[in-house]
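>>> Got a predicted structure here, sequence first:
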Amino acid sequence: MFQKIIKTDNSGATIIVRLMVGAVFLSEGIQKFLFADKLGSGRFVKIGLPYPEFFGPFVGSFEIACGVLVLIGLFTRIAALPLFIIMVVAMAVTKTQLYLDNGFWSMLHDSRTDWAMFLGSIFLMVKGGGKWSVDKNLCQNNKAH
């Protein structure tokens, strides 16, 4: 089971996607705490999510923890799953109303980062951490024993 979780290919290019996804989520998670009124619980109130005082820090904590795991490539596939779920919820809640209010092209323009994080998370769930990841190191060490 452990081998399936950490399994990854030998692609060196995967680090580019890991750096993009991990850095954006880490930054966004930190900002949910630094600017809670605007980007954390306050934002969750504005968009109508239930229990914003709980979910603001909850989501921010997952973004920080999973962002760090993705950056170092540790349990990459598992860490990408909550990030994917966060993006599905974010897109459904915020971009649906934007589409209804301003139309298709406005929604696409305002969701470009969301799409990048959504697709990047899927990529990492499929491929794993890649050549330069802790996962790859663990796979090699596990095979040696």
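Looks like it came in fine. Just so we're clear, the structure is a prediction, and the values are computed from it rather than from any experiment.
>>> now the residue nearest the centre of the chain, nearest residue through space, not along the chain?
Closest to where the C-alpha atoms of the chain average out (C-alpha atoms, centre = their mean) is residue 83, at 3.1 Å. Using C-beta to C-beta, 6 or more residues apart in numbering and skipping residues adjacent in sequence, the residue nearest residue 83 is residue 121, 4.6 Å away. From N, CA and C alone the C-beta is placed, and that goes for glycine too.
>>> sorry, back to before: remind me what the host helix or strand of the residue nearest to the centre of the chain packs against, helices and strands.
Using DSSP states H and E, residue 83 maps to helix 76-90. Using 3 or more C-beta pairs under 8 Å, 6 or more residues apart in numbering; DSSP states H and E, the elements in contact with helix 76-90 are helix 2-6, helix 14-34, helix 52-72, helix 112-127.
>>> Can you name the next helix or strand after that helix?
helix 96-102.
>>> which residues sit against that following helix?
Here helix 96-102 makes contact (C-beta atoms under 8 Å, 6 or more residues apart in numbering) with 106, 107, 110, 111.
>>> and the helices and strands packed on helix 76-90 as CSV, adding distance to residue 95, mean neighbour count and mean pLDDT?
What follows is the helices and strands packed on helix 76-90, written out as CSV (distance: least, C-beta to C-beta, whole Å; neighbours: other C-beta atoms under 10 Å; pLDDT from 0 to 100):
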stretch, distance to residue 95, mean neighbour count, mean pLDDT
helix 2-6, 31, 12, 81
helix 14-34, 16, 19, 98
helix 52-72, 17, 19, 97
helix 112-127, 7, 17, 97
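>>> Out of those helices, the one nearest residue 90 is which?
helix 112-127 (6.1 Å; C-beta to C-beta).
>>> roughly how far is the next helix or strand after that closest one from the heart of the chain?
Once the chain leaves helix 112-127, the next helix or strand it forms, by DSSP H and E, is helix 134-144. Helix 134-144 sits 24 Å away from the centroid of its parent chain (C-alpha atoms, centre = their mean, to the nearest Å).
>>> Quick one: list the elements packing against helix 134-144.
helix 2-6.
>>> packing partners for the helix it packs on?
Partner elements for helix 2-6 (3+ C-beta pairs under 8 Å, 6+ apart): helix 76-90, helix 134-144.
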